[in-house]
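# Let's see this in three dimensions:
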Amino acid sequence: MSGFAPRVKAVLGPTNTGKTHLAIERLLGHASGIIGFPLRLLARENYDRMVELKGARHVALITGEEKIVPPGARYFSCTVEAMPLDHPVEFIAVDEIQLCADPDRGHIFTDRLLNARGLVETMFLGAETISKLLRRLVPCAEIETRPRLSQLTYTGPAKLSRLPPRTAIVAFSAAEVYAIAEAVRSRRGGCAVVMGRLSPRTRNAQVALYQEKEVDFLVATDAIGMGLNMDVDHVAFAGVSKFDGHRSRALRAAEIAQIAGRAGRGMRNGSFGSASQHPLLTNEIVNAVESHIFDPIERLAWRNAALDFSSVDALLASLAMQPDRPGLARGHDAIDFQTLATLASDPSIRAAAASPRAVQLLWQACQIPDFRKLATDAHARLCARVFNYLRENNTLPEDWVTSQISGLGRTDGDIDTLMQRLAEVRVWAYIAARADWVRNAFYWQTRAREAEDLLSDVLHEKLMARFVDRRAAKLTRSLTKSDGTRLHSTVTMNGEVVVEGHSVGRVNGFLFETDSDVASNDARLVLRAARRALASEIPRRIAALHMAADEAFSLTPQGNITWQGARIAKLLRGASMLAPAIEVIDSEFLDGSGREVLRSRLARFVSTRIRSELPSLFAIETATASRPDIRGLVHQLVEKGGVMSPAVLTVEQRAALKKYGIRAGRFAIFLPPLLKPRPTSLRALLWSLWHGSSIPQLPPPGRVSIARPAWPRGFALAMGWIECQPKLVRIDVAEKIADSLAFGTRSHTAAIPPDLAMRLGTNLADLPAVLRGLGFQLLPPEPVAGKTSDPNQPPRITVRADRRRRRPTKAAPPPVSPDHPFAALLALKRAAS
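The predicted model follows:
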């Protein structure tokens, strides 16, 4: 559109303001889009969310180490570095945009801020500290600020033994994390551990350990500051300084707020303090964190993106250029620049990089991430070897790739050894993801992923063995009464949940319903014990439902599926009218895998139910598959549930349809067996789900006509009724009567059958209107020449086919005696004329 300017918007605010949720919602509202996250874990987590909403074939995941790109992908979840900006999309978003100020990675975020734009909309998410510079550098951007959804309160220092359950303790080195985790193990039973060096799989397993309340404490580095949405009530700082890769420094107030903000999610308030005997946070920092007011960012990290590949020296010079705009500054030399500078001092590399193409290839090799951080020249040597192989052969030798990846799956060694091996796997996962570098890239990506998964699982087990005393944790978490004995709970055969011999509620399907009289001071303890009992009961019920016969389930007219008398799922609009989707009830006791088991089993039940109640509908599609003359029409009939509007057909087509039991009438094409009450009830449900309407009430069985109800448009025909104002007439009855009347009036008018009103289920007053709906007219009796009418006999009322399906203009009929039995009908006809 001429003059159309794509919208650029920044949504800024503290943690827990719903920024990411908004961005995903906006992304999926467009026809295509890309969103960049600062961490691989966040990209993967939101990729899974997007797949649930849009389907795997429409969603892609692109990170340095992992690429899942279906051919028809329209939505991309990526790390910021891996965003495919050469792929035009309607919407682009970048999360944690305040990382533009990070001296190590900030130049990537700054590049996205200045250059990444969607065709329709661009959105930047982050902290308000970037607001000032964002207005200056992107003056066209609208800025929306959002308040935190819950309060964050400072509670002061507390010893480890005094920290409340559901606390995250934050340290800033692996040694500190290990020491604190072991102290928590000895005093509180154990903890989960989260560090930036963990793989997403290990990190998720540790998070699950905490979320499932096997432990009540989490010990972490500042890696929890981004993307760790957990049930944390309190954040305790074990220190307020960190080594940032270059020097040790004190944490800034905004950094402390980013971490402390993990406490309290949604509308639940959170708190923060220090895990020490003495305060670590100054009053100034506490006030800033509680009020979410911080010093604005003064400069953003920048690196020249217009690189010169004419020579190695030209490339180094272009990378070292200074920015020419206020508010931008060169950050630290990134690892790719350092690696290039190291290799540039090697005469053999300089000689090999003699052409612009070779220089560009060298730069690509130098961009292999250094996840290992060995502080040696090992990474530079790896990049040099990759460059030389690619320059000479265009691809990496398969035997070399095999030798490098095959040894990475070893599971021996301690925690640090496994984490180092995981870092090596990540490096090779990045290389394997370059389809232009390795032959059979998908195979090597799979091998690298398998090695990472294996190491991740072993690492999780070693972390648990070291930092979780299962026996101590169990004793710590045991729910106890005042005398110190453990509460015993069980579930009876009829679903009753009994704690210490007293019923506290029952399991209804997969939901726990508490008894109304559980309201004492011990209610919280009792309910927690009941939930513990359900930890084994729910898997048993899932298995029982999975093995149950179809007869164990019921489908209600409202679209609910019940099992053992309890509602467990409902039907939703699916891929077609005859293939509805299944939504399992929301239950805190059902995880993703359990929910999928239920959904899969119930989908088979629903499919079988539809086929058994509408057998003719599926039979005709199979039977007519070899009849091209009627196959398309039959497909439409099946898609519409067995009744559709009439069509212009040849004599041969009508004969063919009749052969397969399909009635091609003047009002509709339909399958007569589907008009019976049971199939009609199911079709009404399926039609309503497909059209997104409430389920109308159907007339009682046996009725041939009804007063016109307030049904949704199209529902009457779909259910086998035609409109004959002010009535609806059942379509099979209408077709039969219309055929009979049409035969009798094919060359002249005919007398009304005496039982016509009864057969149509209507009264004499409504009969003219109903007949008009069927395409016929009631006419007054015509005098017969030479005959004298008998005053004791009613005159003949005649009917004539109205082939134009409308009432023609007629002269007023002769007067009729008021005592005549059809006087009211004739008066109606006269008034209409």
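# helices or strands next to the strand of greatest length in the chain in the packing?
For the chain, the strand with the greatest residue count under DSSP state E is strand 566-576. Applying 3 or more C-beta pairs under 8 Å, 6 or more residues apart in numbering; DSSP states H and E, one finds that strand 566-576 contacts strand 560-563, strand 579-584, helix 592-613, helix 677-691. C-beta here means a position set from N, CA and C on the backbone, and glycine is covered the same way.
# between the ones you listed, which gets nearest to residue 186?
With C-beta to C-beta as the criterion, residue 186 lies closest to helix 592-613 of these, at 34.2 Å.
# of the helices and strands packed on strand 566-576, which approaches residue 44 most closely?
Of all the helices and strands packed on strand 566-576, helix 592-613 sits nearest to residue 44, with 14.6 Å by C-beta to C-beta.
# And the next helix or strand past that closest one?
As assigned by DSSP states H and E, the chain's next helix or strand after helix 592-613 is helix 615-623.
# Tell me the buried residues in that next one?
Applying a neighbour-count criterion of 16 or more other C-beta atoms under 10 Å, one finds 616-617, 620-621 buried in helix 615-623.
# go on, stretch 108-128?
In stretch 108-128, counting by 16+ other C-beta under 10 Å, buried: 108-114, 116-128.
# burial of residue 676, as a residue count?
Residue 676 has 12 neighbours, counted by other C-beta atoms under 10 Å.
# same check, this time on residue 688
Neighbour tally, residue 688, other C-beta under 10 Å: 22.
# I figured it hits residue 697, correct?
No. Under the criterion of C-beta atoms under 8 Å, residue 688 makes no contact with residue 697, lying 11.3 Å away.
# now the helices and strands packed on strand 566-576 as JSON lines including mean pLDDT?
Below are the helices and strands packed on strand 566-576 laid out as JSON lines (pLDDT from 0 to 100):
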{"stretch": "strand 560-563", "mean pLDDT": "94"}
{"stretch": "strand 579-584", "mean pLDDT": "94"}
{"stretch": "helix 592-613", "mean pLDDT": "92"}
{"stretch": "helix 677-691", "mean pLDDT": "93"}
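# Serialize those to TSV and add fields for distance to residue 412.
Listed next are the helices and strands packed on strand 566-576 as TSV, based on distance: least, C-beta to C-beta, whole Å:
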stretch	distance to residue 412
strand 560-563	48
strand 579-584	42
helix 592-613	31
helix 677-691	56
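# Which of these sits closest to residue 54?
Nearest of these to residue 54, taken as C-beta to C-beta: strand 579-584 at 14.0 Å.
# And stretch 12-25, how far out from the chain middle?
Averaging C-alpha positions (C-alpha atoms, centre = their mean, to the nearest Å) puts stretch 12-25 17 Å from its chain's average.
# contact partners of that stretch?
11, 35, 46, 49-50, 93, 95, 123, 125-128, 130-131, 134, 143-150, 257-258, 261-262, 264-266, 292 (C-beta atoms under 8 Å, 6 or more residues apart in numbering).
# For that stretch, buried residues please.
Going by neighbour count (16+ other C-beta under 10 Å), the buried part of stretch 12-25 is 12-17, 19-20, 22-24.
# For stretch 298-315, give the mean pLDDT please.
Stretch 298-315 shows an average pLDDT of 94 in the prediction.
# Need the distance between the two termini of stretch 73-93.
End-to-end span of stretch 73-93 (C-alpha to C-alpha, to the nearest Å): 17 Å.
# I'd like the numbering to begin with 14 instead of 1 from here.
Okay, residue one is now 14; in that scheme the one you just asked about reads as stretch 86-106.
# how far does it sit from the chain's center?
Centre-to-centre, stretch 86-106 and its host chain are 19 Å apart (C-alpha atoms, centre = their mean).
# Tell me which strands the helix or strand harbouring residue 286 pairs with, and in which orientation.
Using DSSP H and E, residue 286 sits within strand 283-287. Applying DSSP bridges to the sheet, strand 283-287 is found paired with strand 165-170 (parallel), strand 247-250 (parallel).
# neighbouring contacts of the longest one?
So that's strand 165-170. Residues from elsewhere that reach strand 165-170 (C-beta under 8 Å, 6+ apart): 247, 270, 273-274, 276-277, 282-294, 299, 302-303.
# go on, the shortest one?
Around strand 247-250, the neighbours that count as contacts under C-beta under 8 Å, 6+ apart are 168, 171, 176-177, 179-183, 269, 272-273, 275-276, 283-288, 293-294.
# and with 7 Å instead?
171, 176-177, 179-183, 272-273, 275-276, 283-288, 293-294 (C-beta atoms under 7 Å, 6 or more residues apart in numbering).
# In strands only, show me these.
180-183, 283-287.
# re earlier: from the contacts of strand 165-170, keep the buried residues only.
247, 270, 273-274, 276-277, 283-288, 293-294, 299, 302.
# Can you tell me which of those residues lies closest to residue 446?
residue 274 (32.7 Å).
# Please read off the pLDDT at the closest residue to the closest one other than its chain neighbours from the model.
Of all residues not flanking residue 274 in the chain, residue 28 sits nearest, at 3.0 Å (C-beta to C-beta, 6 or more residues apart in numbering). Looking at residue 28, its pLDDT is 83.
# How about the one 10 residues further on?
Per-residue confidence for residue 38 comes out at a pLDDT of 95.
# So it: helix, strand or coil?
Secondary structure, DSSP: H, G, I helix; E, B strand; the rest coil: residue 38 is helix.
# Please name the bridge partners of the closest residue to residue 580 other than its chain neighbours.
Excluding the flanking residues, the one nearest residue 580 by C-beta to C-beta, 6+ apart is residue 573, at 4.9 Å. Beta bridges link residue 573 to residue 583, judged by DSSP bridges.
# Now for residue 573, how many residues are close by?
Using other C-beta under 10 Å: residue 573 sits among 14 other residues.
# Make sure it is actually in contact with residue 579.
No. Contact criterion C-beta atoms under 7 Å: residue 573 and residue 579 do not qualify, at 10.0 Å.
# where does the closest residue to residue 172 other than its chain neighbours fall, helix, sheet strand or coil?
Excluding the flanking residues, the one nearest residue 172 by C-beta to C-beta, 6+ apart is residue 290, at 6.4 Å. Under three-state DSSP, residue 290 falls in the coil class.
# Can you give me the distance of residue 290 to residue 511?
45 Å (C-beta to C-beta, to the nearest Å).
# now swap in residue 95 and tell me
Here residue 95 is placed at a distance of 54 Å from residue 511 (C-beta to C-beta).
# Mind checking which of the two has more residues around it?
Between residue 95 and residue 511, counting by other C-beta under 10 Å, residue 95 is the more crowded of the two (23 against 17).
# Flag the shaky bits of the stretch 264-413 of the chain, pLDDT-wise.
By pLDDT under 70, the low-scoring segments of the stretch 264-413 of the chain are 388.
# Which parts of it are strands?
Along the stretch 264-413 of the chain, counting by DSSP state E, counting those that start in this stretch, strands occupy 283-287, 313-315, 341-343.
# Output those in a markdown table, with distance to residue 75 appended to each entry.
Converted to a markdown table, the strands of the stretch 264-413 of the chain look like this (distance: least, C-beta to C-beta, whole Å):
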| stretch | distance to residue 75 |
| --- | --- |
| strand 283-287 | 33 |
| strand 313-315 | 23 |
| strand 341-343 | 27 |
